[in-house]
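> for reference, the sequence and a predicted model appear below.
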Amino acid sequence: MPKTADELRLKSNSDLHKLWYVLLKERNMLLTMREAYKIRHMELPNPERIDRVNESMDNIEVVVHERNDAYLKLETGKSASPPKRKITSFAGFTYEVSASEHYGQPEVTGVKKEYEVPMLDDKAYLFQKLWKEKEHLKEQIRLQDEYLLEDPDRSENPELLRGLRRHFDRVEDLPEQVVARRRKEKQNIDKIQEEKAN
């Protein structure tokens, strides 16, 4: 079983340090075994052991970070986490990234500085507007489908029965009646265009 963060919080720093190296050796051994089994075209027995070791190591990192954070906040008033800043992508999405040091000025290195943009350009504004509309429609469809599934009157009244909304990603997946109707409409349009041309 992987070590949980609550169990690791009870251990001292030296115990966590020793446990980290034990887990590191275990992980290296398991990865070496996995490669050896791959070369022989065999499957590693209990491959979930690697996941357990990784989870335990992640939990150790969480606990150590908590302790460093508490110590630094007490001593300096600053957090142990790197500072974050907001930037805006070309599509208009604003998100946080960890601040990193630059080796030189942006003019010298050629790296463009990213900022949080208060006003979007026309393309990003239109994209954001359409994105919000799409997400809103998705939510409306989900709520409507939930309502249709939970409505008790639907089972008693057959006229209220209606299939849930279906989405088709490819033309080949469409029902045959729809494809036949579309084909007939296209033939009629082609015929009208030919008559106009003659």
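On my side now, so go ahead. Numbering: from 1, shown residues only.

> how near is residue 80 to residue 65?
6 Å (C-beta to C-beta, to the nearest Å). From N, CA and C alone the C-beta is placed, and that goes for glycine too.

> same question, residue 195
76 Å.

> the two - which one has more neighbours?
Higher neighbour count among residue 195 and residue 65: residue 65, with 13 against 8, using other C-beta atoms under 10 Å.

> which stretches in this protein count as helices?
In the chain, the helices defined using DSSP state H lie at 5-9, 13-39, 48-75, 106-109, 122-150, 153-156, 176-197.

> these: which one's closest to residue 115?
helix 106-109 (11.4 Å; C-beta to C-beta).

> which residues touch that closest one?
102, 103, 112, 113 (C-beta atoms under 8 Å, 6 or more residues apart in numbering).

> what's around the nearest residue in space to the second one that is not next to it in sequence, how many residues?
Closest residue to residue 103 in three dimensions, ignoring its sequence neighbours and counting by C-beta to C-beta, 6 or more residues apart in numbering: residue 109, at 6.4 Å. A count of neighbours around residue 109, defined by other C-beta under 10 Å, yields 10.

> before we move on, what about residue 80?
If you count neighbours by other C-beta under 10 Å, residue 80 ends up with 15.

> from residue 67, how far out is it?
Taking C-beta to C-beta as the measure, residue 80 and residue 67 are separated by 9 Å.

> could you do residue 190 as well?
From residue 190 to residue 67 the distance is 75 Å (C-beta to C-beta).

> could you check which of the two has the larger neighbour count?
residue 67 (14 against 10).

> per-residue confidence for the more buried one?
Residue 67 is assigned a predicted lDDT (pLDDT) of 96.

> ok, what's across the strand from the residue lying closest to residue 116 once chain neighbours are set aside?
Counting by C-beta to C-beta, 6+ apart, residue 116 lies nearest to residue 86, which is 4.1 Å off, once chain neighbours are set aside. Beta bridges link residue 86 to residue 96 when assigned by DSSP bridges.

> surely residue 86 meets residue 118?
No: counting by C-beta atoms under 8 Å, residue 86 sits too far from residue 118 to count as a contact (10.9 Å).

> mind listing what residue 127 touches?
91, 92.

> any idea how far it is from residue 192?
Taken as C-beta to C-beta, the span from residue 127 to residue 192 is 37 Å.
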